[in-house]
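*Asks:* Here's a sequence, model it:
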Amino acid sequence: MTTPEYSGVTGYAYHLNAAKFAMLLAKNATERFNVEHVHATVNDVSFGIDGSIRSLLTDKGELIFDFYIDCSGFESILLAKRFDVPFIDKSQQLFVNTALVTQVPTQDFEKIPPFTIATAHKAGWIWDIALTQRRGTGFVYSNDHMSNAEAEAEDKFDQYLGGKLAELTPRKIPMKVGYRQQFWVKNCVALGLAQGFLEPIEATSILLTDFSARFLAERFPSDKDDIDYLAKRFNETVSQAWERVVEFAKLHYCLSDRSDSAFWRDNRSDKTIPEGLKQRLKMWRNFIPIAEGFPSKFEVFNRENYLYVLYGMKYFTRPTYSNAEVDKRVFQHLAKMKLLKSKMISELPDHRELLDKIRLYGLQSI
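*Replies:* All right, here's what the predicted structure looks like:
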């Protein structure tokens, strides 16, 4: 391979085996950063006189620390169950709340799409992500628009999987749509699913986790006296990020022209669209989105992300101006992009072929 690692010919993202990646991160933490990794079940929590967490009571005994990060997933054991932080429900804006997930084994000769395949159905959508030996698939839906019995009747999902659903034993995952009113209380911060969850579209949970973890790392308290003001800033910032992500996720649904089911019609109802998004869509009818329209550094999704969805869903905005010279440059740019696309299609390798070669020969080190 002649291309150095992390230096692709064009922009790219990763499809990962999440379980293996978690093991890699744990190995990296323990071997390179001397992190002590203790496997234990948290049964309860003890509190200090100031209301902060003193210790975790586990099946391995009492564990005492100065600071705690709640990564306990949907359970949110510390933040929700011990600090009783209220939940902000977003199910009236984002309807998808249940998923049937399964893994489909693949053969070595099968092609691997270098992208996620998303297929809409009458009450949600289906994801399909291929790795070298399996495809991760998920049938996500709103149980207010499709009964669990109908979804589990192996109708749409089974049809999508070519009649193989029965032999794949899918898992059902209920999803509570929304986020916690606070993410940092006393000496405890929640990250990941312990903060909340919206839905799988656009990997919003991963992005919010990365955003929150980085913000915490850059503003980690060095003294107890730092906690109160850092917690206030963290809660304000991350709440703002969650609200903007709600808007971006909703954008995918409310622009759809599909009207064959209540799910899609309800998604276009004005009362289900966040106020901030309604104002932006109103403005974008007459003005092209600009970078200054996303002034916050805490926007997880920026102008380009919105443009992909807006124009992909045929929500064409009216240019503020147009003349022959501008039109000429636009058409020249489009012709250049078309040529580049043809060149890449003819020269870039098949995705499985590329991955097989990387596995055999590796990449040039930076």
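*Asks:* hey, let's count contacts and neighbours off CA atoms from now on
*Replies:* OK.
*Asks:* now the protein, which segments are flagged as low pLDDT?
*Replies:* 1-2, 154-155, 319-322, 366 (pLDDT under 70).
*Asks:* Which helix runs longest in it?
*Replies:* For the chain, the longest helix by residue count, based on DSSP state H, is helix 227-254.
*Asks:* What is the helix or strand just after that helix packed up against?
*Replies:* Remark: after helix 227-254, the chain's next helix or strand is helix 262-268, criterion DSSP states H and E. Helices and strands touching helix 262-268, by 3 or more CA pairs under 8 Å, 6 or more residues apart in numbering; DSSP states H and E, are helix 227-254.
*Asks:* Buried ones in the helix it packs on, by neighbour count?
*Replies:* 227, 231, 234-235, 237-239, 241-254 (16 or more other CA atoms under 10 Å).
*Asks:* do the same with stretch 82-90
*Replies:* Within stretch 82-90, the residues that count as buried by 16+ other CA under 10 Å are 83, 85, 87, 89-90.
*Asks:* Going along the chain, name the strands of the stretch 101-250 of the chain.
*Replies:* Per DSSP state E, counting those that start in this stretch, the stretch 101-250 of the chain carries strands over the ranges 117-121, 124-130, 134-141, 171-174, 178-180, 184-185, 188-190, 196-197.
*Asks:* related to what we said a few turns ago, quick check: angle from the longest helix of the chain to strand 124-130?
*Replies:* Helix 227-254 and strand 124-130 are oriented at 100 degrees to each other (axes from the mean of the first three to the mean of the last three CA atoms, to 10 degrees).
*Asks:* Determine how far helix 227-254 lies from the middle of the whole chain.
*Replies:* Distance of helix 227-254 from its chain centroid, counting by CA atoms, centre = their mean, to the nearest Å, is 14 Å.
*Asks:* the strands in the stretch 251-366 of the chain, which residues?
*Replies:* For the stretch 251-366 of the chain, strands defined by DSSP E, counting those that start in this stretch do not occur.
*Asks:* For stretch 173-186, list the C-alpha coordinates in PDB.
*Replies:* Extracted C-alpha coordinates of stretch 173-186, given in PDB (Å, rounded to 0.1, in the frame of the first residue of the first chain):
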ATOM      1  CA  ILE A 173     -33.600  -2.900  22.300                       C
ATOM      2  CA  PRO A 174     -36.000  -0.400  23.700                       C
ATOM      3  CA  MET A 175     -34.700   3.200  23.500                       C
ATOM      4  CA  LYS A 176     -35.700   5.900  25.900                       C
ATOM      5  CA  VAL A 177     -35.500   9.100  23.700                       C
ATOM      6  CA  GLY A 178     -34.100  12.100  25.500                       C
ATOM      7  CA  TYR A 179     -31.300  13.200  27.900                       C
ATOM      8  CA  ARG A 180     -30.700  14.000  31.500                       C
ATOM      9  CA  GLN A 181     -31.400  17.500  32.900                       C
ATOM     10  CA  GLN A 182     -27.900  17.600  34.200                       C
ATOM     11  CA  PHE A 183     -24.800  15.600  33.300                       C
ATOM     12  CA  TRP A 184     -22.400  16.700  36.100                       C
ATOM     13  CA  VAL A 185     -23.600  16.600  39.700                       C
ATOM     14  CA  LYS A 186     -21.200  17.000  42.600                       C
END
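*Asks:* Buried residues of it, list them for me.
*Replies:* Of all the residues in stretch 173-186, those buried under the rule 16+ other CA under 10 Å are 175-186.
*Asks:* mind putting the residues you listed in JSON lines, distance to residue 260 included?
*Replies:* As requested, the buried residues of stretch 173-186 are exported to JSON lines (distance: CA to CA, whole Å):
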{"residue": "175", "distance to residue 260": "25"}
{"residue": "176", "distance to residue 260": "26"}
{"residue": "177", "distance to residue 260": "24"}
{"residue": "178", "distance to residue 260": "27"}
{"residue": "179", "distance to residue 260": "31"}
{"residue": "180", "distance to residue 260": "34"}
{"residue": "181", "distance to residue 260": "36"}
{"residue": "182", "distance to residue 260": "39"}
{"residue": "183", "distance to residue 260": "39"}
{"residue": "184", "distance to residue 260": "43"}
{"residue": "185", "distance to residue 260": "45"}
{"residue": "186", "distance to residue 260": "49"}
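*Asks:* Out of those residues, the closest to residue 217 would be?
*Replies:* Nearest to residue 217 among those, counting by CA to CA, is residue 184 at 13.3 Å.
*Asks:* State the distance from the closest residue to that closest one other than its chain neighbours to residue 67.
*Replies:* Spatial nearest neighbour of residue 184, excluding adjacent residues (CA to CA, 6 or more residues apart in numbering): residue 231 at 5.5 Å. Separation of residue 231 from residue 67 (CA to CA, to the nearest Å): 13 Å.
*Asks:* cool, and residue 36?
*Replies:* From residue 36 across to residue 67, the span is 15 Å (CA to CA).
*Asks:* For these two, indicate the residue with more neighbours.
*Replies:* With neighbours defined as other CA atoms under 10 Å, residue 36 and residue 67 compare such that residue 67 has more, 15 against 10.
*Asks:* Isn't that one up against residue 188?
*Replies:* Yes - between residue 67 and residue 188 there is a contact under CA atoms under 8 Å: 6.1 Å.
*Asks:* Give the intersection of the neighbour lists for the two.
*Replies:* The contact sets of residue 67 and residue 188 overlap at residue 53 (CA atoms under 8 Å, 6 or more residues apart in numbering).
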